[in-house]
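>>> here's a sequence, model it:
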Amino acid sequence: MQQDTMSELVKDKVLLHGTLEVWLKESTNLPNMDMFSEKFRQCFSYLTICKAPCVKAKTKAESHGHRPKVITSDPYAAVNLAGARVARTRVISNNTNPKWDEYFSIPVAHYVNDVEITVKDNDMFGAQLIGSVTIPVDKIIHGEVVEGWHDIMTPSGKVAHGNAQILFKIKFTPVERNPIYFGGVGDPKGLHGVPNTYFPCRKGCEVTMYQDAHIMDGALPEIKLEGGVPFQHRKAWEELCTAILEAHHLVYIAGWSIYTKVRFWRDTTHPMPDGAELTLGELLKRKSAEGVRVLLLVWDDKTSHQNPFIKTEGVMGVHDEETKSFFRNSAVRCVLAPRYADTRLSWFRQQVVGTLYTHHQKITIVDSQGPGNKRKLTSFIGGLDLCDGRFDTPSHCIFSTLNTFHKNDFHQPTFTLGADAGGPREPWHDWHCKIDGPAAYDVLTNFEQRWRKATRWHDDELIQIERISWILGPKAPFPPEGDPKLYVTKDEDPNTWYTQVFRSIDSGSVKGFPKTVKEAEKEHLVWGKSIAIDISIQMAYIKAIRSAQHFIYIENQYFIGSSYNWPDYKDAGANHLIPMELALKIASKIREGQHFAVYVTIPMWPEGVPDSAAMQEILFFQTQTMKMMYGVIADALKDVGKLGERHPRDYLNFYCLGNRETVTDYEKKNPPPNPPAAESKPAAVQKSRRFMIYVHAKGMVVDDEYIICGSANINQRSMDGSRDTEIAMGAFQPSFTWSKKQGHPKGQIYGYRLSLWAEHLGLYQPLFDEAGNLECVQEVNRLAQANWDQYVAEEITDMKAHLMPYPINVNHDGTIGPLPNFETFPDVGGNILGTNQANLPDSLTT
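Below is the predicted model:
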């Protein structure tokens, strides 16, 4: 079947790319949509009374349940673009003349013919459409304001019963006219950070970036920053272990998985502090015995159980019950926190949230040495859970460390086999970071809000920092730029950082969020039907992409989104904007005659069995995302007459990581005691000696001046705000921006990005400095292709570099197909382009 081009799919539509401001004020004369529901309720109530005739109500009011005599509609209004809902008011119960008076500032990146405002009745059987108003896009595309009363029309084209109307105002501002996107993050106008978020951008911070759990000394080439200063490759788990060991008052940890048997310190080539040899569980018990307040907040996997009657590990294998059991009868307080939905949501929605979604944040907070005799807080966030399978180095060995670093830490979810089978293990690549300064206290606020929600009656277990004079804490109210007494760097210090904490979370998971629309607006939260939602992670990505001028480098565990513009399946509900924003950024630069590059590194396949139904659907959605993006780029090349002269991969590239090892002398002398069956997939991998490196990182570098790092994947689960709970930070050094340097900044972010490239490509080249140039793109692709050729070759050789082009074929016209001879993944199978699965809920896999 021939693939439709993007230009054919969006024919006659107008691109609405910018900010859509909508004021949904009120509606009048809405029809009563609840008559059937009320009759059903009355019938049900009558049947209930008949079934229990001997039960007598104590009062007349009790027998009628205090319900009003007239039941009418429970209306709410929504804004829709290209079939995707982008905003929604609260529900006002029993009111045919509702006054919402709500304002929305909506980032948009949609091809549309019109903007649709719908009015619906929130019914016990699901929302019923009352009617809608459509505003042709040409009425607002140039910035005109449309406002006033409008008739609400039914699908049949008639005015809704009773002459129903809605009062609203709508205004569109295109990206190119919005000053917050001018000049990158170092804009001299002082528009720092992401505006209108729950946590503002804080000054006076210090950020330390980590790649992988550990880096051996001398493992990566030296990278020079401005002035010839060498970039320091930091050791994540050793520094985290040291921070816990040195805590005097508190250790707070929140995680998707926390495993008590994991060991942080495994490198014996340099001195180990006392206690570093302990497992995480032993270490935390030791600290709590010293009087340190140790609080753990662990996601409660509902499929795991540990009691006298039933014991199951759980579908996700996160050790939650095992961890709780380990700390029982100790001073460590371990709380298992299910991902409960807000009780104001419908019963059905509560079941969906509780069953499908998780607490995905990875947080460690400790007190650390401050100025003089004072203590301060230090926070760690990122992609690394403190559990098994996460420890790795840039070498990403698959066989050779099974008897050393990974002797008691074997992780392989693609196959059902143990460490005694001889491998392969699944290598693990990740990002993590440490935050000092005012932003570290925003991470604490997040933990405290979640703790109070999860524990309810154990608030007193949180240390009241303001009552301990020798621990620095923010004054109330917290100044937007941060309390100066919490600064760890000064503005004139070239190494100072501006740092901002972002989240995806709603009032079902935190205590302290506002309970009304107006309060939510003041705190820069989005209001759903009934709950306050923080979607600042998605807003941070959008702001950073729109502000980018030269290149973007992304590493992420998933890459799925902007489904409203997918070529073959638009109803997945993965409506976040990030992939579309990336494609439109490239397209705009092509039309301006400038080069712009986007590099995206993802896993070769999602963690698990690649030919299973869930993994195949994720791959299908990933392919749809890629198709959409390459189609947008091909259309831009066509518009400027360069389609054929330039290839879409000159601008956008997807990569994966892999490794291959020859057999070591130790393996020859010590064959595995329980090898896999001869014709099995694990045996095929052992024969080929190759396997993917699992990319679990969640971050983005923009122009070597801005970085985002956290727990959020690029999918709807992480970006929605009401699905998985997430945390991230966005940061930059004000002394190292393009506007400050009037050229390429070479600060810590530049060093970190080149350190990642050195790990993946096995070397550093000066050409890599200018990642936005076509020559750099072509050289990276040349090296990546050489790595792929080595990965699939008949001859088995040791790979010294790991970056490979993602195994798909991208044509000049932007269409995508399978790579010749590689429709499935080498050795393990599974269609690389994926297949849609009718029996799985899209909300699970997007």
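
>>> stretch 339-350: end-to-end distance?
By C-alpha to C-alpha, to the nearest Å, the extent of stretch 339-350 from end to end equals 10 Å.

>>> please apply the same query to stretch 814-832.
One end of stretch 814-832 sits 18 Å from the other (C-alpha to C-alpha).

>>> just the buried residues of it, please?
The neighbour-count check on stretch 814-832 (16 or more other C-beta atoms under 10 Å) flags 814-816, 819, 825-828, 830-832 as buried. For the C-beta atoms, the positions are set from N, CA and C on the backbone; glycine is no exception.

>>> repeat that for stretch 724-741.
724-740.

>>> need the mean per-residue confidence for that stretch.
In this model, stretch 724-741 has a mean pLDDT of 96.

>>> may I have it as PDB, with CA atoms only?
Only the C-alpha atoms of stretch 724-741 are listed here, as PDB (Å, rounded to 0.1, in the frame of the first residue of the first chain):
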ATOM      1  CA  ASP A 724       2.200   8.700  35.200                       C
ATOM      2  CA  THR A 725       3.700  11.000  37.800                       C
ATOM      3  CA  GLU A 726       7.000  12.600  36.700                       C
ATOM      4  CA  ILE A 727       9.600  15.200  37.700                       C
ATOM      5  CA  ALA A 728      12.300  16.900  35.700                       C
ATOM      6  CA  MET A 729      14.500  20.000  35.800                       C
ATOM      7  CA  GLY A 730      15.400  22.500  33.100                       C
ATOM      8  CA  ALA A 731      18.600  24.500  33.600                       C
ATOM      9  CA  PHE A 732      21.200  26.700  32.000                       C
ATOM     10  CA  GLN A 733      24.300  28.700  32.900                       C
ATOM     11  CA  PRO A 734      23.600  32.400  32.200                       C
ATOM     12  CA  SER A 735      27.300  33.000  31.500                       C
ATOM     13  CA  PHE A 736      27.300  30.300  28.800                       C
ATOM     14  CA  THR A 737      24.500  31.200  26.300                       C
ATOM     15  CA  TRP A 738      24.600  32.200  22.700                       C
ATOM     16  CA  SER A 739      23.400  35.800  23.500                       C
ATOM     17  CA  LYS A 740      26.000  36.200  26.200                       C
ATOM     18  CA  LYS A 741      28.900  34.800  24.300                       C
END
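
>>> distance from that stretch to the middle of the chain?
Chain-centre distance of stretch 724-741: 17 Å, with C-alpha atoms, centre = their mean, to the nearest Å.

>>> same thing with stretch 231-238?
Stretch 231-238 has its average C-alpha position 24 Å from the chain's average C-alpha position, going by C-alpha atoms, centre = their mean.

>>> again, but for stretch 589-609
Distance of stretch 589-609 from its chain centroid, counting by C-alpha atoms, centre = their mean, is 16 Å.

>>> for it, measure first residue to last.
End-to-end distance of stretch 589-609 (C-alpha to C-alpha): 39 Å.

>>> which parts of that stretch are buried?
The neighbour-count check on stretch 589-609 (16+ other C-beta under 10 Å) flags 589-590, 595-607, 609 as buried.

>>> for these, which one is nearest Glu555?
Nearest to Glu555 among the buried residues of stretch 589-609 is Thr601, at 4.5 Å by C-beta to C-beta.

>>> what bridges to that closest one?
Glu555, Tyr655 (DSSP bridges).

>>> from the buried residues of stretch 814-832, which two are the most distant?
Across these, the longest distance by C-beta to C-beta is 30.1 Å; it joins Gly814 and Asp827.

>>> you'd agree Tyr259 is up against Val298?
No. Contact between Tyr259 and Val298 fails when scored by C-beta atoms under 8 Å: they sit 9.9 Å apart.

>>> what's the overlap in contacts for those two?
Residues within reach of Tyr259 and of Val298 at once, by C-beta atoms under 8 Å, 6 or more residues apart in numbering, are Thr323.

>>> among the buried residues of stretch 724-741, which are located in helices?
Per DSSP state H, helices hold the following members of these: 738-740.

>>> nearest to Thr173 among these?
Using C-beta to C-beta as the measure, the one of these that approaches Thr173 most closely is Ser739, at 22.5 Å.

>>> the closest one touches Gly184, doesn't it?
Yes. Ser739 lies in contact with Gly184 (C-beta under 8 Å); the separation is 6.5 Å.

>>> quick one: low-confidence ranges for the chain?
Counting by pLDDT under 70, the chain shows low-confidence ranges at 1-11, 34-70, 124-125, 186-191, 302-316, 343-349, 354, 458-459.

>>> scan the protein for its longest helix.
From DSSP H, the single longest helix across the chain is helix 613-639.

>>> report the distance from it to the chain centre.
Worked out by C-alpha atoms, centre = their mean, helix 613-639 lies 19 Å from the chain centre.
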